[in-house]
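**Student:** I would like the atomic coordinates for the input below:
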Amino acid sequence: MCRTLATFPTTCLERAKEFKTRLGIFLHKSELGSDTGSVGKFEWSSKHSKEDRNFSEDVLEWKESFDLLLSSKNGVAAFHAFLKTEFSEENLEFWLACEEFKKLRSATKLASRAHKIFEEFICREAPKEVNIDHETRELTRMNLQAVTATCFDVAQGKTRTLMEKDSYPRFLKSPAYRDLEAQASATSASPASRGPAEPLHT
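**Tutor:** Below you'll find the predicted structure:
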């Protein structure tokens with residue numbers, strides 16, 4: 001974790017600067033791909049997500065709840081960029097991998113993907129090992145003996161709780177998000193962001 005700049009002076013500063021740069025580009029309606037390995041690419045785009053809402057409204061909703069942040073493609077991309085500055089992006093990547101895993105319908109694909117996820121995120125010395133307790137790790141290992149769509153539910157839930165209680169509050173307090181929030185608030189409050197004024201009836 002990037003707690004003190006004295007510990008990782010160059011790398012941490014560079015990653016923090018990169019995070020602010022990415023969000024700045026994002027705010028100005030550019031597109032930026034964020035490569036996350038096994039979970040593919042997040043699209044940094046000014047287009048709306050599943051609901052018809054503009055970017056500023058999307059940004060302001062991220063602070064309302066962790067669920068709203070995770071339900072927004074833009075929010076996930078921004079949160080992932082932030083986690084990279086703390087060297088803890090594996091938590092979100094594991095959560096996303098589990099979400100995609102649960103959509104699989106083929107038993108063969110489920111089994112194959114389950115083992116890949118376990119080897120990448122769960123097993124000891126995994127390249128992107130997530131922070132879970134020994135009991136959860138062993139329970140997940142046992143679940144692989146008869147793979148179902150829910151075999152990672154306990155581990156995924158604990159990882160989500162960790163992000164919500166630990167990383168999410170820091171994300172909301174980060175200078176990069178606060179800058180983004182301020183600009184989004186100003187955009188939402190500007191006359192140009194509102195619809196045409198209705199005529200007054202006397």
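**Student:** you'd agree Val130 is up against Glu90?
**Tutor:** Yes - the criterion here is C-beta atoms under 8 Å, and Val130 meets it with Glu90 at 5.6 Å. The way it works is simple: take the backbone N, C-alpha and C, and place the C-beta from them, glycine included.
**Student:** list the residues that contact both of the two?
**Tutor:** Phe121 (C-beta atoms under 8 Å, 6 or more residues apart in numbering).
**Student:** what about Pro175, how many residues close to it?
**Tutor:** By the criterion of other C-beta atoms under 10 Å, Pro175 has 10 neighbours.
**Student:** how far away is it from Thr85?
**Tutor:** 11 Å (C-beta to C-beta, to the nearest Å).
**Student:** same deal with Ser188?
**Tutor:** According to C-beta to C-beta, Ser188 and Thr85 sit 27 Å apart.
**Student:** ok, the two, which is more surrounded?
**Tutor:** Per other C-beta under 10 Å, whichever of Ser188 and Thr85 has more neighbours is Thr85, with 23 against 15.
**Student:** what separates that one from Leu60, distance-wise?
**Tutor:** According to C-beta to C-beta, Thr85 and Leu60 sit 22 Å apart.
**Student:** now what about stretch 154-170, what contacts it?
**Tutor:** 66, 69, 79, 82-83, 86, 88, 91-92, 94-95, 98, 122, 130-133, 136-137, 139-140.
**Student:** And the average pLDDT for that stretch is what?
**Tutor:** The pLDDT scores in stretch 154-170 average 97.
**Student:** distance between the ends of it?
**Tutor:** Start-to-end span of stretch 154-170 (C-alpha to C-alpha, to the nearest Å) is 24 Å.
**Student:** Tell me which helix or strand Leu83 sits in.
**Tutor:** Assigned by DSSP states H and E, Leu83 falls within helix 73-85.
**Student:** what is the mean pLDDT for stretch 72-92?
**Tutor:** Mean pLDDT, stretch 72-92: 94.
**Student:** Can you list the buried residues in it?
**Tutor:** With burial defined by 16 or more other C-beta atoms under 10 Å, the residues of stretch 72-92 counted as buried are 72-86, 88-92.
**Student:** Does Glu125 lie in a helix or a strand, and which?
**Tutor:** Glu125 belongs to no helix or strand, assigned by DSSP H and E.
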